[in-house]
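Q: one predicted model, sequence on top.
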Amino acid sequence: DTEVTQTPKHLVMGMTNKKSLKCEQHMGHRAMYWYKQKAKKPPELMFVYSYEKLSINESVPSRFSPECPNSSLLNLHLHALQPEDSALYLCASSLPGVLSTGELFFGEGSRLTVL
Amino acid sequence: AQSVTQLGSHVSVSEGALVLLRCNYSSSVPPYLFWYVQYPNQGLQLLLKYTSAATLVKGINGFEAEFKKSETSFHLTKPSAHMSDAAEYFCAVRTSGTYKYIFGTGTRLKVLA
């Protein structure tokens, strides 16, 4: 099983809503990532979890709240978003350890539209 | 600080022609280098990676890349383009000791019939 599964694939929300994006992998990877990708741009790193602990937060606004409840799951909680937050949100995983040569395995993404 | 430069945001080739997508990196230490492909409304898929073993790396779908330290380059090639190769291609670099993968700005490949 070499998949990273993201749900939902599409999400439309108002600026006052609270919603969550979910990501799951069963490859035994212990590093998990959230990236944001705007149209025609490369992915931008948001958060990295290593062994279920937050390792990197790229100065992301607090309206985005990550959570890693166990080694297979990664959530991104969304609250009071702005229209400019509309983007493709990509989850990825990799082998753990900063000395690993491993590549990122990406999910298909969740397309978020904020009205 | 590391960076990745992809020359040419758009590349067009005829079906059956050589594909060459360019990537240059800057890194003070030997990096780990990757090429990813992204089809519309999908995630990124790994094509190939360089991790200091062989300098010529073969990947999926007939793609390969050569690591040239003297030129700080990791260009992606495919001898014969297929219509299904039309997609966005990203070069990425990662330095050992970090979880940060730095992506280039991407090259959109168009294959002409």
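A: Here it is on my side, so go on.
Q: residue ranges with poor pLDDT in chain A?
A: Where chain A drops to pLDDT under 70, the residues are A:1-2, A:98-100.
Q: next to chain A, which bits of chain B? Give me the list.
A: Within reach of chain A by C-beta under 8 Å from any C-beta of the partner chain, chain B has these residues: B:32, B:34, B:36, B:41-46, B:49, B:51-52, B:90, B:92, B:96-101, B:103-106. In short, each C-beta sits where N, CA and C put it, glycine included.
Q: give me the subset of those lying in helices.
A: Using DSSP state H, no member of the residues of chain B next to chain A falls in helices.
Q: how about the residues of chain A that lie near chain B?
A: So chain A meets chain B at A:4, A:6, A:31, A:33, A:40-43, A:45, A:48, A:50, A:55-56, A:88, A:90, A:92, A:94, A:98-99, A:101, A:103-109, A:111 (C-beta under 8 Å from any C-beta).
Q: now, of the residues you listed, which are buried?
A: Buried by 16 or more other C-beta atoms under 10 Å in any protein chain shown: A:4, A:6, A:31, A:33, A:42-43, A:45, A:48, A:50, A:55, A:88, A:90, A:92, A:94, A:103-109, A:111, out of the residues of chain A next to chain B.
Q: out of the residues you listed, which are inside strands?
A: A:4, A:6, A:31, A:33, A:45, A:48, A:50, A:55, A:88, A:90, A:92, A:94, A:105-106, A:111 (DSSP state E).
Q: which one is residue A:6 nearest to, not counting chain neighbours?
A: Once flanking residues are discounted, residue A:6 sits nearest to residue A:107: 3.8 Å by C-beta to C-beta, 6 or more residues apart in numbering or on different chains.
Q: now do residue A:18
A: Counting by C-beta to C-beta, 6+ apart, residue A:18 lies nearest to residue A:79, which is 4.7 Å off, once chain neighbours are set aside.
Q: bridging residues for the residue nearest the centre of chain A?
A: Residue closest to the average C-alpha location in chain A (C-alpha atoms, centre = their mean): residue A:34, at 2.8 Å. Note on residue A:34: beta-bridge partners by DSSP bridges are residue A:47, residue A:91.
Q: got the contact list for it?
A: A:23, A:45-47, A:66, A:74, A:76, A:89-91 (C-beta atoms under 8 Å, 6 or more residues apart in numbering or on different chains).
Q: pull the number of nearby residues for residue B:73.
A: 18 (other C-beta atoms under 10 Å in any protein chain shown).
Q: just the pLDDT at the residue found closest to it once you drop the neighbours it is linked to in the chain, thanks.
A: Leaving out its chain neighbours, the residue that sits closest to residue B:73 by C-beta to C-beta, 6+ apart is residue B:24, at 5.2 Å. What the model reports for residue B:24 is a pLDDT of 95.
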